[in-house]
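Visitor: This is a predicted model, with the sequence first.
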Amino acid sequence: MPRSKSDSQERITLAQFSGPLPPSQEFANYENILPGAADRILKMAEIEQEARIKSQRSELRMLFVSHIIGQVFAFLLGLIGIGAGFYLILNGHDVTGLGVLVGSLAAIVGAFIYKQRKE
């Protein structure tokens, strides 16, 4: 059956938002439909924000600990290398000991210079 000019038209509207809270008009509509809904939505957003902050703090703490552990191990390896070089020199392996000693010092200095240039 053909449509006549008096047929009504339909309009479809699409609205989109991002973030933990809806726009103010939508927020008011939630409260009108279900009293207390606005408070529940706010509490949900607050809990989500607290969880995100807690997660970021934990991540930063782990990065800090891993950075410190890396520095401690690098320091210990440097000391071991230098100690091994001196030990070899004192026990008659002059060339080998000097090579280990210079190599260890070069690695430490190289890491320091690389870090300075990176920053």
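Guide: That came in fine, so what should we check first?

Visitor: Touching, Gly81 and Gly103? I think so.
Guide: Yes: counting by C-beta atoms under 8 Å, Gly103 is a contact partner of Gly81 at 6.9 Å. C-beta here means a position set from N, CA and C on the backbone, and glycine is covered the same way.

Visitor: okay, the two: which has more neighbours?
Guide: Between Gly81 and Gly103, counted using other C-beta atoms under 10 Å, the more crowded position is Gly81 (19 against 13).

Visitor: got the contact list for that one?
Guide: Gly81 makes contacts with 100-101, 103-104, 107, as judged by C-beta atoms under 8 Å, 6 or more residues apart in numbering.

Visitor: TSV for these, including secondary structure, distance to Ser66 and pLDDT?
Guide: Below are the contacts of Gly81 laid out as TSV (DSSP: H, G, I helix; E, B strand; the rest coil; distance: C-beta to C-beta, whole Å; pLDDT from 0 to 100):
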residue	secondary structure	distance to Ser66	pLDDT
Val100	helix	28	92
Leu101	helix	29	91
Gly103	helix	26	92
Ser104	helix	23	91
Ala107	helix	20	88
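
Visitor: just the strands in the chain please.
Guide: Using DSSP state E, the chain contains no strands.

Visitor: which residues of it fall in helices?
Guide: Listed in chain order, the helices of the chain (DSSP state H) span 24-33, 37-90, 94-118.
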